[in-house]
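A.B. asks: mind looking at a prediction? Sequence and model below.
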Amino acid sequence: MLISDMCKNFKQSIILVGFMGAGKSTIGRALRHLTGWPLIDLDELIVQQQGVSIPEIFAEQGEAAFRRYETEALRSLSPLSPIILATGGGIVSCPENWQLMRSLGRIIYLRAEWETLRDRLAGSSGRPLATADRGEADIQRLWLQRLPLYQQADCIVDTDGQGVEEVVRDIMAGIKDME
Ligand code: S3P
């Protein structure tokens, strides 16, 4: 069956959660292409709404302010027409965010092994919680703390060793079971 035919009747938003480096933006773009729905990147929406970059928010206002903006950005989304929503890795830490995400659509956890995430994060920039001076052990601790939260998603999709198309197919198959 064609991937595009798998979920023809599914009309709820698809919300991607997972740790930094899990591939939420990449998979989000592939899902936008497949469904034709708008892709909203919550981090980009926060930057638009606040008029400052994420590293600036963390440096000048602190993480707690960023978390408030994250919840505000989620609240500003309408459940009326379906979107693909790529969230930031820490969205799962606030219970209200879960209520808001559940009212928008289905939550998909993009799971990856620590080694995969660590390697991807090593070459990345612009993530205040995954900077080189923070140290690998500290970032891994954050990942471990969040693991039980990610498990609360409606559907868990493994991304290790899988190409974008395979991940998208697994998401669509998971959604089909929820229709
Ligand atoms: C964060 C993840 C980032 C961004 C912010 C905080 C986190 O998004 O929201 O830097 O707490 O894990 P990505 O997961 O897209 O990197």
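C.D. replies: Arrived safely.

A.B. asks: and the gap between Phe10 and the ligand?
C.D. replies: 24 Å (CB to the nearest ligand atom, to the nearest Å). For the C-beta atoms, the positions are set from N, CA and C on the backbone; glycine is no exception.

A.B. asks: are we agreed that that residue is in a strand?
C.D. replies: No. Using DSSP: H, G, I helix; E, B strand; the rest coil, the assignment for Phe10 is coil, not a strand.

A.B. asks: what pairs with the strand of greatest length in the chain, parallel or antiparallel?
C.D. replies: In the chain, with assignment by DSSP state E, the single longest strand is strand 105-111. Its sheet considered, strand 105-111 pairs with strand 13-17 (parallel), strand 155-158 (parallel) by DSSP bridges.

A.B. asks: so which of the ones you listed comes closest to Trp114?
C.D. replies: strand 155-158 (13.5 Å; CB to CB).

A.B. asks: list the contacts for the residue in the chain positioned nearest to the ligand?
C.D. replies: Taking CB to the nearest ligand atom as the measure, the chain has Gly88 as its residue closest to the ligand, at 2.2 Å. Neighbouring residues of Gly88 by CB atoms under 8 Å, 6 or more residues apart in numbering: Met20, Leu42, Asp43, Glu70.

A.B. asks: reformat these as CSV; add distance to the ligand, neighbour count and pLDDT.
C.D. replies: Shown next, in CSV, are these (distance: CB to the nearest ligand atom, whole Å; neighbours: other CB atoms under 10 Å; pLDDT from 0 to 100):
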residue, distance to the ligand, neighbour count, pLDDT
Met20, 4, 19, 98
Leu42, 7, 21, 98
Asp43, 5, 22, 98
Glu70, 7, 22, 98
